[in-house]
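Q: I'll drop the sequence and a predicted model, then ask my questions.
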Amino acid sequence: MHDDPNEFLVRAAPFADRDKDAVYRAIHTRRDVRDQFKADPLPDDLVCRLLEAAHAAPSVGFMQPWNFLLVRSSQTRGAVWQAFRRANEEAEAMFPKERRSAYRALKLEGIRKAPLNICVTCDPDRGGPVVLGRTHDARMDAFSTVCAIQNLWLAARAEGVGLGWVSIFHEAELKTILGIPPRVQIIGYLCLGFVDELYCAPELEVKGWRQRLALDDLVFEEQWGSRLCGVTPAMAEGPVPQGS
Ligand SMILES: Cc1cc2c(cc1C)N(C[C@H](O)[C@H](O)[C@H](O)COP(=O)(O)O)c1[nH]c(=O)[nH]c(=O)c1N2
């Protein structure tokens, strides 16, 4: 315990415009990458910076429930790809018939092309039996791990590293391949590698699968369904009748 907790406070001035721009640029130009990976290995110091960015993420009760399993061998990546391929065939059949050929045409992973894969896991026991902030919603450990992945993704963008998230697996199969204990949850399987180019918009949008929603349809004020807000230019025009 410290007598004066204020001695740990540091100045929190807004960033200089250039630095703000860099943060927003990383956010808005980050892309999910499936195919643009170069084969060059990522240097260890760079991987370390990305993992440190992930490890700086917020977590419930400061639980830090994550682990990062680095997968580089083509043998293991090959086994993971086979697991993806099997699950992806099942996935295709889940869509309505008229969407299946469009689904099939999408590339949804870069497991073998990306030189580094990282499996990000969540250990629900990391913080002991009772975790501050997780007392009433156990999902908070997984949410914390997702925050770590997003940090990693943004740092990767700043470093010129592409990252693709692959989730089309049976978790149990992936756990067997990677030797992950049953109690540990897989949160994200990530493919990383240097990229020279990125799509200017989500690839699923560019390829006509799904469009970005309008932000002002997603923001409510005070009550679910209300659309009075002043956040986006469209909202600033004033209240919109409910149900419109
Ligand atoms: C939890 C989760 C899971 C997945 C994804 C993302 C997230 C957050 N995404 C990437 C996703 O398709 C992509 O983020 C959106 O299409 C938006 O594109 P940008 O990320 O902006 O490029 C993704 N992409 C893909 O090709 N195969 C996949 O299995 C998944 N799985």
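A: Structure received. Numbers count the residues shown, from 1 in each chain.

Q: From here on, just use CA atoms for contacts and neighbour counts.
A: Noted.

Q: doesn't Val120 fall inside a strand?
A: Yes: residue assignment for Val120, taken from DSSP: H, G, I helix; E, B strand; the rest coil, places it within a strand.

Q: Please give me every residue in contact with it.
A: Shown in contact with Val120 (Cα atoms under 8 Å, 6 or more residues apart in numbering): Trp66, Asn67, Phe68, Leu69, Thr145, Ile149, Ile186, Ile187, Gly188, Tyr189, Leu190.

Q: any idea which element the closest residue in space to Pro181 that isn't next to it in sequence lies in?
A: Setting aside the residues directly before and after it, Pro181 is nearest to Lys175 in space (Cα to Cα, 6 or more residues apart in numbering), at 7.1 Å. Secondary structure from DSSP states H and E places Lys175 in helix 171-178.

Q: And the contacts of that helix?
A: Contacts made with helix 171-178 from outside it, assessed by Cα under 8 Å, 6+ apart, are listed as Thr76, Ala79, Val80, Ala83, Pro181, Pro182, Ile186.

Q: Tell me the residues of this structure that contact the ligand?
A: Those residues of the chain that sit near the ligand, judged by Cα under 6 Å from any ligand atom, are Arg31, Asp32, Leu108, Glu109, Trp165, Val166, Ser167, Ile168, Pro202, Glu203, Leu204.

Q: Drop anything exposed from those residues.
A: Buried residues within those, counting neighbours by 16 or more other Cα atoms under 10 Å: Arg31, Asp32, Leu108, Glu109, Trp165, Val166, Ser167, Ile168, Pro202, Glu203.

Q: Let me know whether the fifth one touches Glu109 as I believe.
A: Yes: assessed by Cα atoms under 8 Å, Trp165 is found in contact with Glu109 at 7.5 Å.

Q: From the residues of the chain next to the ligand, which land in strands?
A: Using DSSP state E, the members of those that fall in strands are Trp165, Val166.

Q: Name the nearest of the residues of the chain next to the ligand relative to Arg18.
A: Distances from those to Arg18 were compared by Cα to Cα; the smallest belongs to Arg31, at 21.5 Å.

Q: Where does pLDDT dip in the protein?
A: Within the chain, the segments meeting pLDDT under 70 span 1-2, 228-244.
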